[in-house]
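Participant: Sequence below, structure please.
(one chain, ligands or ions: 2)
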Amino acid sequence: MKNILVVGGGGREHAIIMKLSESSKVGKIYCAPGNAGISKFAECYDVKATDVEGMVKLAKELKPDMVVVAPDDPLVLGMVDAMQAEGFMTFGPKANAAIIEGSKVFSKDLMKKYDIPTAYYEVFTDSDSAIAYLKEQNSYPTVIKADGLALGKGVIIAQNEEEAITAVKEMIDDLKFGKSSSRVVIEEFLTGPEVSVLAFTDGKTMVPMISSMDHKRALDGDEGLNTGGMGTISPNPCYTEELAKESMEKIFIPTMNAMNAEGRTFEGCLYFGLMMTPKGPKVIEYNCRFGDPETQVVLPMLDGDLYDIFEGIYNHTLDQVDIKWKDGACACVIMASGGYPESYKKGIEMHGFDEKGQVDGCFVYHAGTKLSDDGKFLTNGGRVIGVTCNADTLENALAKAYEGVKKIDFEGAHYRKDIGHRALNR
Ligand code: AMP
Ligand code: GLY
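Facilitator: Ligands and ions are numbered 1, 2, ... in the order given. Coordinates of the predicted model:
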């Protein structure tokens, strides 16, 4: 039996752990730092996901057979390289490949060099040239992106010149996102339905997973601020077979080959944030990891052994692993703290769970939760839980997920009531 250490502590990690635990080959699962829900299924250790040295030390104590690094920052910081240097089998890209998410300038230049469809762009390191460019283009909305990681907040869609100039000055001059925004990308605004596609790749084989749709805005009707994601559905009905074929030929395979050509072979889960524009699929962003909350709807649809897939990627034998997808659909509704994505309270007692942090009829993926000393479930973050259901149709999956949501309550709980509506009413 294989023991596994999973790095991270959100809904995505909870979903990875549940899928790994279905494998007949998997024994003990450890998680650091984990959360209240995860602690009911895995042994949790209080080490921060960004603490590379601390995590290597923990791995040396636990001696797992595999280390799965799930979040972006430790991947970009080189946690996989550090674990491999100590002889651990790992899942996740090395730092030289994680840069595909760690630097927007890198990813845009890669797409330009290898002719992978994306929005037209320019890169700036001083605000005067950026502002001159904005004035010369004089086209709105326009999109301004911080080069580095910015907790998903580094993208501004400016509706006019004033907003664009403010964003540029805040990023480059005031370093709003620290070093991450000392360089910015200014890019063309694209339109069309958005589709998330996660893909397994070992650098030789590319296996796209079933598609999904995120709901990034905080409020119903896609209003309000951008968040980490307020809910997901899978599959994404906008993503037809033809679009999938075109994306594979023009985006997925060329990206894998481009990374190989650059000497940065990507091994792990590569996330393609796509927009289905009138001119075909284009890349909005790459992530070097499983998406959150996409993973919470994609992995429940996987008809296969996740441990075999991870091992196949590590050994570069992904082509020999059997990967299938279930029929039907899956939906996840995020319950967030009141005030999220701005300021919110933590430590609020939650009601409605059984002793494993679950409700009847759904699976609850925990994100920002912790246990009190006397074993109660408390809120501990912005996105608190993701209530998730598989069913024969998307409509039924959503209905069951919302039934689950109604059984759970905590002061200030906020969730969108229209997850999947756009997909159902196309
Ligand atoms: P990101 O944090 O890179 O996922 O961007 C956040 C959101 O901004 C995306 O999900 C898109 O909705 C939007 N976005 C990013 N780039 C563009 C673009 N070039 N055109 C239109 N919308 C964009
Ligand atoms: N849901 C988008 C992301 O994981 O970045």
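Participant: ok, and the closest non-adjacent residue to Q84?
Facilitator: Leaving aside its chain neighbours, Q84 sits nearest to T90 (5.7 Å; criterion: CB to CB, 6 or more residues apart in numbering). Where you see a C-beta, it was placed from the backbone N, CA and C, and this is true even at glycine.
Participant: And for the one you found, the neighbour number?
Facilitator: Other residues near T90 number 25, with proximity taken as other CB atoms under 10 Å.
Participant: and it, what is it in contact with?
Facilitator: M66, V67, V68, V69, V80, M83, Q84, Y314 (CB atoms under 8 Å, 6 or more residues apart in numbering).
Participant: thinking E170 is in contact with K176, fair?
Facilitator: Yes. Between E170 and K176 there is a contact under CB atoms under 8 Å: 4.4 Å.
Participant: picking up where we left off before, from the contacts of T90, which single one is nearest ligand 1?
Facilitator: Nearest to ligand 1 among the contacts of T90 is V69, at 20.7 Å by CB to the nearest ligand atom.
Participant: Tell me, how many residues neighbour the closest one?
Facilitator: 29.
Participant: Now do the helices in the stretch 251-400 of the chain.
Facilitator: 253-261, 295-298, 306-314, 394-407 (DSSP state H, counting those that start in this stretch).
Participant: which of the ones you listed sits most buried?
Facilitator: Neighbour counts (mean count of other CB atoms under 10 Å) averaged over each of these peak at helix 295-298, with a mean of 31.
Participant: since we're on L58, how many residues are nearby?
Facilitator: L58 has 19 neighbouring residues, counting by other CB under 10 Å.
Participant: what about G347, how many neighbours?
Facilitator: Using other CB under 10 Å, G347 is surrounded by 9 other residues.
Participant: Now it. Nearest residue, chain neighbours left out?
Facilitator: Nearest non-adjacent residue to G347, counting by CB to CB, 6+ apart: L378, 5.2 Å away.
Participant: For ligand 1, give me its nearest residue in the stretch 251-400 of the chain.
Facilitator: Taking CB to the nearest ligand atom, ligand 1 has its nearest neighbour within the stretch 251-400 of the chain at E285, 3.8 Å off.
Participant: So for the closest residue to that residue other than its chain neighbours, what's the pLDDT?
Facilitator: Distances taken as CB to CB, 6+ apart put G273 closest to E285, at 4.1 Å, once the chain neighbours are dropped. pLDDT, G273: 98.
Participant: G273 contacts E294, correct?
Facilitator: No. If you go by CB under 8 Å, G273 and E294 don't touch, sitting 9.7 Å apart.
Participant: Now the common contact residues for these two.
Facilitator: If you check G273 and E294 against CB under 8 Å, 6+ apart, the residues they both contact are S196.
Participant: Looking at the two, which is more packed in?
Facilitator: Under the criterion of other CB under 10 Å, the comparison of G273 against E294 puts E294 first, with 28 against 16.
Participant: Which stretches in the stretch 1-150 of the chain count as strands?
Facilitator: Assigned by DSSP state E, counting those that start in this stretch, the strands in the stretch 1-150 of the chain fall at 2-8, 26-33, 43-44, 66-69, 90-91, 121-124, 142-146.
Participant: export the first one as PDB, just CAs?
Facilitator: This means strand 2-8. Extracted in PDB, the C-alpha atoms of strand 2-8 (Å, rounded to 0.1, in the frame of the first residue of the first chain):
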ATOM      1  CA  LYS A   2       1.200   3.500  -0.900                       C
ATOM      2  CA  ASN A   3       1.200   6.300   1.700                       C
ATOM      3  CA  ILE A   4       0.800   9.800   0.300                       C
ATOM      4  CA  LEU A   5       1.400  13.300   1.600                       C
ATOM      5  CA  VAL A   6      -0.800  15.900   0.000                       C
ATOM      6  CA  VAL A   7       0.300  19.500   0.300                       C
ATOM      7  CA  GLY A   8      -2.400  22.200   0.600                       C
END
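Participant: Identify each buried residue in that strand, please.
Facilitator: Residues of strand 2-8 classed as buried by neighbour count (16 or more other CB atoms under 10 Å): K2, I4, L5, V6, V7, G8.
Participant: count of neighbours near F88?
Facilitator: Neighbours of F88 under the rule other CB under 10 Å: 18.
Participant: Which residue, other than its chain neighbours, is closest to it?
Facilitator: V67 is the one closest to F88 (CB to CB, 6+ apart), at 4.9 Å.
Participant: For the most centrally placed residue in the chain, give me phi and psi.
Facilitator: Geometric centre of the chain, nearest residue: G291, 1.8 Å, by CA atoms, centre = their mean. Per-residue torsions, G291: phi -80, psi 160 (degrees, to the nearest 10).
Participant: tell me the contacts of it?
Facilitator: G291 makes contact with R12, S196, L198, S212, D214, G229, Y271 under the criterion CB under 8 Å, 6+ apart.
Participant: what's the closest of the residues you listed to ligand 1?
Facilitator: Among the contacts of G291, D214 lies closest to ligand 1 (CB to the nearest ligand atom), at 7.2 Å.
Participant: So the closest one is in contact with Q296, correct?
Facilitator: No. Between D214 and Q296 there is no contact, the gap being 10.7 Å when judged by CB under 8 Å.
Participant: Are there residues contacting both of those two? Which ones?
Facilitator: When contacts are counted by CB under 8 Å, 6+ apart, the set common to D214 and Q296 consists of T232.
Participant: quick one: pLDDT of M55?
Facilitator: 98.
Participant: what number of residues lie near it?
Facilitator: When neighbours are defined as other CB under 10 Å, M55 has 24 of them.
Participant: Please verify my assumption that it contacts L77.
Facilitator: No. M55 is beyond contact range of L77, at 10.1 Å (criterion: CB under 8 Å).
Participant: which residues does the closest residue to C362 other than its chain neighbours contact?
Facilitator: Among residues not flanking C362 along the chain, G404 sits closest, at 3.4 Å (CB to CB, 6+ apart). Neighbouring residues of G404 by CB under 8 Å, 6+ apart: V333, V359, D360, G361, C362, V364, V387, C389.
Participant: from the contacts of G291, which single one is nearest P281?
Facilitator: For the contacts of G291, the closest approach to P281 (CB to CB) belongs to S196, at 12.1 Å.
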